[in-house]
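Chemist: Quick check, what structure comes out for this input:
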Amino acid sequence: MTGLNLRTDFAQCSILIVILHYMLAFAPLGFVGFQYAADPTAVDRTEFYFRYFPYSILTNNALPLNMFFALIAFITAAKYFASRDIDSLKRQAEKRYFRLMPPVFASVVISYLAFAAGVMFHKELGADVNAYFGITSNWANWMYPDGLSFGGSIVNGLMTAFVNNGAGNYNTVTWCIYVIFFGSYLTYGFLALFGTSKKRVIFYAISVVLGVYYQPFSQFLVFISGIAVADLIEHRKECAKKPFLGVALIVFGIAISAFALDIFLGGVITGEAVLSVSAFLIIYGLSESEAAAKVLSAKFWKPIGNIAFSLILTHTIVLFSLSAFLFHMFHKSLSFGIAVTLSCVVSLPVIVIVAIVFDRFIEKGTGRLVNKLAKKYLSN
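Modeler: Model prediction:
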């Protein structure tokens, strides 16, 4: 279809998301995102960002998650442009909620039960890190706010995570489920309405204008990028590859993602719009450069790609429980760097094992059930 191994591309995105969250937990220096690591009455966001530059590029870079979004749309669009099977889109749309809900629901309930059992040490982690660096980051401290309940976790996992942007009180990573859910339906709708139109470039252009200047749509523009790059790759599938161009596009796409913050752009266009361009360039660059695609598609990544979504849904549960507890204990008698290293090394296999178990018994298990029920009761 494209020469890209999409499973392994998901693997790199999920790993980078895990790394980013551990950076925000243990060293949120220069972070000017949600609950950023500075006292807003004492320092503005721009000054704080550049105080820790270039490290702050890493703590503020949302490219891995936006790449994950783009790949969701890209997979669907690439298959559609290769087959023009509108019935396949309809079947995907019918099953989307039922495929997403079980793993989201399970992760939310498990996260809440761990919190209710008193095994979440996010506040201790936040206090230790703030004291060491002399900052006032509330990223870890904000997790699991007051007012959580078991009934609330049920409602969150079944409904609010899918319709409320930022509904991550019970499991912080589920704030993005709203984006994935509506972004998926945006993908299905765009392809169904304009996928066969010879003038669909007009609708791409309209989407770009909306994404650049209309904030509520900005976070969904990356799905249009995924569709557009799949369209371009399908259109150029018979053309000769341009390896140098591919590498240049990948490097450029990664580079401009560092400038996706309002502190660079001055609010002229949204950061999400810049990240959408980055995702487009990187995916298309990989299609042109077989060498780059081969590196990212090595067999080493395949097992991680198979559990990518489970890894994203469960890693923060391990982070705020086991990792935070170990760090709090180690930090009492060891240096900060050694305490962080030991906590991460011990936690790493646990993160992988939890993701594997979650994937096997929840995500894959419920997925097979949903497919069986859909085949029996939904349209063929």
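
Chemist: Quick check: which ranges of the protein have low pLDDT?
Modeler: Scanning the chain for pLDDT under 70 picks out 1-9, 40, 166, 262-269, 298, 374, 378-380.

Chemist: Could you find the closest non-adjacent residue to Phe190?
Modeler: Ile227 (5.9 Å; C-beta to C-beta, 6 or more residues apart in numbering). From N, CA and C alone the C-beta is placed, and that goes for glycine too.

Chemist: Please state the offset of the helix or strand harbouring that neighbour from the chain centre?
Modeler: Following DSSP states H and E, one finds Ile227 within helix 221-235. How far helix 221-235 lies from its chain's middle: 18 Å, per C-alpha atoms, centre = their mean, to the nearest Å.

Chemist: for the residue of the chain most remote from its centre, helix, strand, or coil?
Modeler: Going by C-alpha atoms, centre = their mean, the residue of the chain most distant from its centre is Ser333, 35.3 Å out. Three-state call for Ser333 (DSSP: H, G, I helix; E, B strand; the rest coil): coil.

Chemist: And Thr196, by the same measure?
Modeler: coil.

Chemist: Then Val340?
Modeler: Taking three-state DSSP, the label given to Val340 is helix.

Chemist: And it, how far from His122?
Modeler: Look at Val340 and His122: by C-beta to C-beta, to the nearest Å, they are 15 Å apart.

Chemist: quick one on the thing from earlier: got a list of what the residue nearest to Phe190 touches?
Modeler: Shown in contact with Ile227 (C-beta atoms under 8 Å, 6 or more residues apart in numbering): 73-74, 76-77, 187, 190-191.

Chemist: what comes up buried for the host helix or strand of Ile177?
Modeler: Using DSSP H and E, Ile177 falls within helix 177-194. By 16 or more other C-beta atoms under 10 Å, the buried positions in helix 177-194 come out as 177-184, 186-188, 190-191, 194.

Chemist: Can you lay out those as TSV showing distance to Val43?
Modeler: What follows is these, written out as TSV (distance: C-beta to C-beta, whole Å):
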residue	distance to Val43
Ile177	33
Tyr178	31
Val179	30
Ile180	34
Phe181	36
Phe182	35
Gly183	34
Ser184	39
Leu186	38
Thr187	40
Tyr188	44
Phe190	42
Leu191	46
Phe194	46
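
Chemist: So which of those is the closest to Tyr49?
Modeler: Comparing these against Tyr49 with C-beta to C-beta places Val179 closest, at 24.1 Å.

Chemist: Excluding chain neighbours, give the residue nearest to the closest one in space.
Modeler: Using C-beta to C-beta, 6+ apart, the nearest residue to Val179 is Gln219, at 5.6 Å.

Chemist: Can you report phi and psi for the one you found?
Modeler: phi -70, psi -10 (degrees, to the nearest 10).

Chemist: swap in Ala38?
Modeler: Dihedral angles of Ala38 (phi, psi; degrees, to the nearest 10) stand at phi -160, psi 160.

Chemist: if I read this right, it contacts Val32, doesn't it?
Modeler: Yes - assessed by C-beta atoms under 8 Å, Ala38 is found in contact with Val32 at 7.4 Å.

Chemist: which residues do the two both contact?
Modeler: By C-beta under 8 Å, 6+ apart, the residues touching both Ala38 and Val32 are 45, 48.

Chemist: The residue nearest to the spatial centre of the chain and Leu249: what is the separation?
Modeler: Central residue of the chain (C-alpha atoms, centre = their mean): Leu65, 2.8 Å from the mean position. Note on Leu65: its distance to Leu249, by C-beta to C-beta, is 20 Å.

Chemist: picking that back up, identify the farthest-apart pair in the contacts of Ile227.
Modeler: Greatest spatial distance in the contacts of Ile227: Phe74 and Phe190, 12.7 Å, computed using C-beta to C-beta.

Chemist: Check which helices and strands the helix or strand hosting Ile317 is in contact with.
Modeler: Assigned by DSSP H and E, Ile317 belongs to helix 308-318. Here helix 308-318 touches helix 6-26, helix 86-116, helix 336-358, going by 3 or more C-beta pairs under 8 Å, 6 or more residues apart in numbering; DSSP states H and E.

Chemist: Return the most buried member of these.
Modeler: helix 6-26 (a mean of 21; mean count of other C-beta atoms under 10 Å).
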